[in-house]
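Peer 1: When you get a sec, could you give me coordinates for this:
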Amino acid sequence: MTVTIWHNPACGTSRNTLAMIRASGEEPVVIEYLTDPPTRERLQAVIAAAGLTVRDAIRQKGTPYAELGLDDPSLTDDQLLDAMLAHPILINRPFVETPKGTRLCRPSEAVLEILENPVTKFTKEDGEHVARPAAR
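Peer 2: From the prediction side, this is the model:
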């Protein structure tokens, strides 16, 4: 099974998601999208596969979102995508793609829904425990 994570190593949620993937026995393809940004077509495809709107996929916190006026509801998807491609920090993370689906893994345990062999217990960096019933 191929697992791909759009990863930001400075993000705790992204690090926790990557750790859960690895704990499940998978070694994912890691795309550090800040240094290797996606094409417009790829970004659109991942957002659609995750069942999100372009606006849902924009990160506001710690980005130039407000300075760029991206809260303007009249902006089109194309304009929002232009901003995300010009400033990849605006792409929310982590996106994870597996044969079982694509998710924006916020919270990080959302990744467990799309892994072939998800862990049943995991402790996040901050000490929070995640428990998931074993598959039957």
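
Peer 1: Now do the worst-scoring helix or strand of the chain on mean pLDDT: which elements does it pack against?
Peer 2: Every helix and strand of the chain was ranked by mean pLDDT, DSSP states H and E. The lowest is strand 129-131, at a mean of 89. Judged by 3 or more C-beta pairs under 8 Å, 6 or more residues apart in numbering; DSSP states H and E, the packing partners of strand 129-131 are strand 121-123. The C-beta positions use only the backbone N, C-alpha and C, and glycine is treated the same way.

Peer 1: strands paired with the strand it packs on, and their directions?
Peer 2: strand 129-131 (antiparallel) (DSSP bridges).

Peer 1: Now do the strand it pairs with: everything it contacts.
Peer 2: With C-beta atoms under 8 Å, 6 or more residues apart in numbering as the test, strand 129-131 has contacts from Met20, Ser108, Glu109, Leu112, Thr120, Lys121, Phe122, Thr123, Lys124.

Peer 1: which intervals of this protein have sub-threshold pLDDT?
Peer 2: Within the chain, the segments meeting pLDDT under 70 span 1, 133-136.

Peer 1: Start from the N-terminal end of it and give the helices.
Peer 2: 12-23, 40-49, 77-86 (DSSP state H).

Peer 1: ok, back up a step: put together CSV for the contacts of strand 129-131, with distance to Glu32 and neighbour count on each row.
Peer 2: What follows is these, written out as CSV (distance: C-beta to C-beta, whole Å; neighbours: other C-beta atoms under 10 Å):
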residue, distance to Glu32, neighbour count
Met20, 18, 24
Ser108, 17, 25
Glu109, 22, 20
Leu112, 23, 19
Thr120, 29, 13
Lys121, 28, 10
Phe122, 23, 19
Thr123, 24, 11
Lys124, 21, 18
